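**Student:** everything below, folded, please.
(2 chains)
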Amino acid sequence: GNSVTQMEGPVTLSEEAFLTINCTYTATGYPSLFWYVQYPGEGLQLLLKATKADDKGSNKGFEATYRKETTSFHLEKGSVQVSDSAVYFCALSDSDTGNQFYFGTGTSLTVIP
Amino acid sequence: EAQVTQNPRYLITVTGKKLTVTCSQNMNHEYMSWYRQDPGLGLRQIYYSMNVEVTDKGDVPEGYKVSRKEKRNFPLILESPSPNQTSLYFCASSLLSSPEQFFGPGTRLTVL
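**Tutor:** Have a look, this model is predicted:
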């Protein structure tokens, strides 16, 4: 079946530190992969996406590359800011299962000045 | 403004009292979905719909009902709520041609 496993949190970093949040997946077909971000008290917002192998999604300084050989989609940012403090969710959508979405458990990031 | 709206945003109720959480989108999306978010479990899909009159179970459908009589609306119905349905609920929608989902602001439900 389909599933997403993401790095346990919480993660605390100092401003300007490098961020990596690991995400691996299991899928029966050829999924699309996503990172969503949830700021305190808000709904989820799409951060970036990749729809096929070797695609790189990027937005607001965040990047993730769809690696089919390692079934991974790790989120990275070179220099985090306090405003990046949020919960980050890795997710996949598999058209073989009717566009059903599968989310990871979320990783809480706190960036301190 | 393109958006997904949910009502109510907060609800406290008692065991067994039927309730409905409404969800509406103004983007003409075919696909709509309900999730619940619980600490340590992330988001789990309850039901989804790929078009009017078409609904399917997600991973945790027990205790919930949905209907899709109109394209823009996708209400979530709890016929007899129980305390284990206390959670944060999100509605989402997307085009079938693009899997990116747009989320509503969430409904925090407490069942006593």
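**Student:** next one, pLDDT for A:S93 please.
**Tutor:** Note on A:S93: pLDDT of 88.
**Student:** again but with A:T97, I slipped
**Tutor:** So A:T97 comes in at 65 (pLDDT).
**Student:** can you check A:G9 too?
**Tutor:** In this model, A:G9 is scored at 81, pLDDT.
**Student:** what about it, how many neighbours?
**Tutor:** Residues contacting A:G9 under the criterion other CB atoms under 10 Å in any protein chain shown number 15. C-beta: built from backbone N, CA, C; applies to glycine.
**Student:** go ahead and report the secondary structure state at it.
**Tutor:** Put simply, A:G9 is coil when judged by DSSP: H, G, I helix; E, B strand; the rest coil.
**Student:** same deal with A:D96?
**Tutor:** Strictly by three-state DSSP, A:D96 counts as helix.
**Student:** can you tell me how far it is from A:G29?
**Tutor:** Distance, A:D96 to A:G29, using CB to CB, to the nearest Å: 3 Å.
**Student:** now do B:I77
**Tutor:** Taking CB to CB, one finds B:I77 at 31 Å from A:G29.
**Student:** now swap in B:R9 and tell me
**Tutor:** For B:R9 relative to A:G29 (CB to CB), the value is 36 Å.
**Student:** isn't B:R9 up against B:G106?
**Tutor:** Yes: using CB atoms under 8 Å as the test, B:R9 is close enough to B:G106 to be in contact (7.1 Å).
**Student:** and those two? Which one has more around it.
**Tutor:** B:G106 (20 against 12).
**Student:** correct me, but that one touches B:P8?
**Tutor:** No: B:G106 lies out of contact with B:P8 (CB under 8 Å); the separation is 10.7 Å.
**Student:** what sits against A:L19?
**Tutor:** Contacts for A:L19 (CB atoms under 8 Å, 6 or more residues apart in numbering or on different chains) come out as A:V11, A:L13, A:L75, A:E76, A:K77, A:V80, A:D84, A:L109.
**Student:** highest neighbour count among the residues you listed?
**Tutor:** That'd be A:L75 among these, by other CB under 10 Å, with 25 neighbours.
**Student:** mind listing the residues bridging to it?
**Tutor:** When assigned by DSSP bridges, A:L75 has beta-bridge partners A:I21, A:A64.
**Student:** contacts only, for it.
**Tutor:** Counting by CB under 8 Å, 6+ apart, A:L75 makes contact with A:L19, A:T20, A:I21, A:C23, A:W35, A:L47, A:F62, A:E63, A:A64, A:Y88, A:C90.
**Student:** that one and chain B: what is the separation?
**Tutor:** 15 Å (CB to the nearest CB, to the nearest Å).
**Student:** what's the answer for A:E76, then?
**Tutor:** Distance from A:E76 to chain B, by CB to the nearest CB: 21 Å.
**Student:** ok, that residue - contacts?
**Tutor:** A:E76 neighbours (CB under 8 Å, 6+ apart): A:F18, A:L19, A:T20, A:I21, A:F62, A:E63, A:A64.
**Student:** now the two most distant members of those residues.
**Tutor:** A:F18 and A:A64 (14.2 Å; CB to CB).
**Student:** show me which of those two is the more surrounded one.
**Tutor:** A:A64 (26 against 10).
**Student:** which parts of chain B sit against chain A?
**Tutor:** Within reach of chain A by CB under 8 Å from any CB of the partner chain, chain B has these residues: B:4, B:31, B:33, B:35, B:40-45, B:48, B:50, B:56, B:58, B:90, B:92, B:94, B:96, B:99-106.
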